[in-house]
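# sequence unavailable; structure follows:
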């Protein structure tokens with residue numbers, strides 16, 4: 001088994017790193033099966049959390065007010081990870097959000113990964129579901145608070161150990177894989193975009209779901225195109 005890694009999980013406002021935001025980060029440094037250091041924080045996303053996400057995670061908008069923004073803590077997150085592999089259940093999802101934040105702030109993040117979802121698919125083909133919550137139940141792992149970042153990170157680490165007991169010779173216990181997610185640095189919304197978007201909002205009496213100051217250049221462009229397609233210029 002790979003004897004040191006950072007177990008990682010994040011909670012977000014949605015599934016798309018291009019438009020959605022991180023609301024919680026949980027990490028645990030694991031050495032020889034023991035947690036040696038933990039990291040857990042809520043994150044202010046700058047946009048509202050939907051009722052669906054609140055129902056899933058239990059995280060309310062009020063809890064996030066006053067919490068650090070991801071750009072304020074991405075440096076300490078990448079430092080916590082260092083050169084250690086990151087482990088998670090469908091870890092590319094968590095990695096993609098963190099890599100986007102890192103790139104936007106001129107940082108790099110280690111791309112060596114261990115994916116317990118891929119391991120479970122190989123080792124447990126007969127098991128009907130491969131979600132983290134289902135596999136925790138399958139192996140009698142106490143999931144803590146399901147869909148909370150730190151507890152899910154720890155659950156993925158415990159799952160890794162359970163899978164290794166079944167098939168220790170699987171390559172996933174001796175080699176990491178490269179996590180590939182291509183992302184470009186975001187450009188902020190431009191002043192002409194702000195003026196045009198503000199005019200469209202006023203003309204058509206529209207309430208924006210994402211505050212204008214939180215939009216990137218590409219987000220503003222898509223928002224303008226959507227409004228014009230639906231309401232006209």
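Nice, thanks for sending it over. Remember, predicted model here, so these are calculated numbers, not experimental data.
# from here on, just use CA atoms for contacts and neighbour counts.
Noted.
# SS state for the nearest residue to residue 177 once chain neighbours are set aside?
Distance criterion Cα to Cα, 6 or more residues apart in numbering; nearest residue to residue 177, sequence neighbours excluded, is residue 113 at 5.2 Å. What DSSP: H, G, I helix; E, B strand; the rest coil gives for residue 113 is strand.
# ok, residue 113 - contacts?
Counting by Cα atoms under 8 Å, 6 or more residues apart in numbering, residue 113 touches 85, 86, 87, 91, 176, 177, 178, 179.
# ok, the nearest residue to residue 111 once chain neighbours are set aside - contacts?
Counting by Cα to Cα, 6+ apart, residue 179 is the residue found nearest to residue 111 once chain neighbours are left out, at 5.1 Å. Residue 179 sits next to 92, 95, 111, 112, 113 when contact means Cα under 8 Å, 6+ apart.
# give me the contact list for stretch 194-214.
So stretch 194-214 is contacted by 46, 47, 48, 189, 220, 224, 227, 231, 233 (Cα under 8 Å, 6+ apart).
# out of those, who's the most crowded?
Sorting these by how many neighbours each has (other Cα atoms under 10 Å) puts residue 220 first, at 22 neighbours.
# so which residues of this structure form strands?
Counting by DSSP state E, the chain has strands at residues 4-12, 22-31, 34-42, 86-88, 112-115, 177-178.
# what lines up beside the last one in the sheet?
What that stands for is strand 177-178. strand 112-115 (antiparallel) (DSSP bridges).
# distance between the partner strand and the chain's centre?
Remark: strand 112-115 is offset 14 Å from the chain centroid, using Cα atoms, centre = their mean, to the nearest Å.
# what's the answer for stretch 208-218, then?
20 Å.
# repeat for stretch 68-77
13 Å.
# what comes into contact with that stretch?
Identification of contacts with stretch 68-77 by Cα under 8 Å, 6+ apart yields 22, 42, 43, 44, 45, 46, 98, 101, 102, 105, 107.
# one more time with 7 Å, if that's ok
Residues outside stretch 68-77 that contact it (Cα atoms under 7 Å, 6 or more residues apart in numbering) are 43, 44, 45, 101, 102, 105.
# buried residues in the lengthiest helix in the chain, which are they?
Using DSSP state H, we find that the single longest helix of the chain is helix 149-166. Residues of helix 149-166 classed as buried: 149-160, 162-164 (neighbour count, 16 or more other Cα atoms under 10 Å).
# now do the same contact list for the most centrally placed residue in the chain.
Against the mean C-alpha coordinate of the chain, by Cα atoms, centre = their mean, the closest residue is residue 94 at 3.5 Å. Counting by Cα under 7 Å, 6+ apart, residue 94 makes contact with 9, 10.
# before we move on, the earlier item: so which of the strands of the chain is nearest residue 216?
For residue 216, the closest of these is strand 22-31, at 15.7 Å, according to Cα to Cα.
# now the longest helix of the chain and strand 22-31, what's the angle there?
40 degrees (axes from the mean of the first three to the mean of the last three Cα atoms, to 10 degrees).
# just the mean pLDDT for helix 149-166, thanks.
Mean pLDDT, helix 149-166: 97.
# stretch 58-76 too?
Averaged across stretch 58-76, pLDDT comes to 97.
# cool, and stretch 4-21?
96.
# cool, and stretch 113-133?
Stretch 113-133 comes out at a mean pLDDT of 97.
# mind listing the helices for the protein?
Going by DSSP H, the chain shows helices at 51-57, 61-64, 70-81, 91-104, 116-123, 132-138, 149-166, 191-204, 217-231.
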